[in-house]
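Participant: test case, fold it:
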Amino acid sequence: MVSFKVDSKQEAWIEAVIGRALARGLVFPADRLNATMDLTALVANGCPMDWKGLLDGRDVDFSHDFWGIRAHLDRKTGKLTDFFVPRHARSLRAFERAKQRKGQ
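Facilitator: Numbers count the residues shown, from 1 in each chain. Predicted coordinates for the structure are as follows:
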């Protein structure tokens, strides 16, 4: 069963992401709740996000992650499908930083 348990800091980041998505026309106000639930399920079920990086990032990266999450989230489990990994997933970012430190 999918979890929606996140702390207040995560809730604030998610609301900020939804605000940017609304401002960019990536989500309609009528779909705000569904988009919020998707992002909440994502982080509550094992995909930590670099919210600051996502919010500060380029529009193309923001759109890629936002739409990719919406398209590839299994709403029964809260897990991503089809090997989709958001560009601002924290685990991916940590991997990229470690690779850069090693000079690869």
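
Participant: buried sites along stretch 34-51?
Facilitator: The neighbour-count criterion (16 or more other CB atoms under 10 Å) identifies 35-45, 47, 49-51 as the buried residues of stretch 34-51. Glycine gets a C-beta too; all of them are placed from N, C-alpha and C.

Participant: list of residues touching that stretch?
Facilitator: 2-6, 10-11, 13-18, 21, 27, 66, 69-70, 73, 75, 77-80, 86, 88-91, 93 (CB atoms under 8 Å, 6 or more residues apart in numbering).

Participant: report the mean confidence score over the lengthiest helix in the chain.
Facilitator: Longest helix in the chain, counting residues (DSSP state H): helix 8-23. Mean per-residue pLDDT for helix 8-23: 98.

Participant: what of stretch 80-99?
Facilitator: 79.

Participant: got the confidence number for residue 62?
Facilitator: 98.

Participant: what strand or helix carries it?
Facilitator: Using DSSP states H and E, residue 62 sits within helix 59-72.

Participant: sheet partners, orientation included, of the helix or strand following that helix?
Facilitator: Proceeding N to C from helix 59-72, the next assigned helix or strand is strand 73-74, under DSSP H and E. When sheet partners are counted by DSSP bridges, strand 73-74 sits next to strand 79-80 (antiparallel).

Participant: still on that earlier bit, pull the distance from the longest helix of the chain to the chain's centre.
Facilitator: 10 Å (CA atoms, centre = their mean, to the nearest Å).
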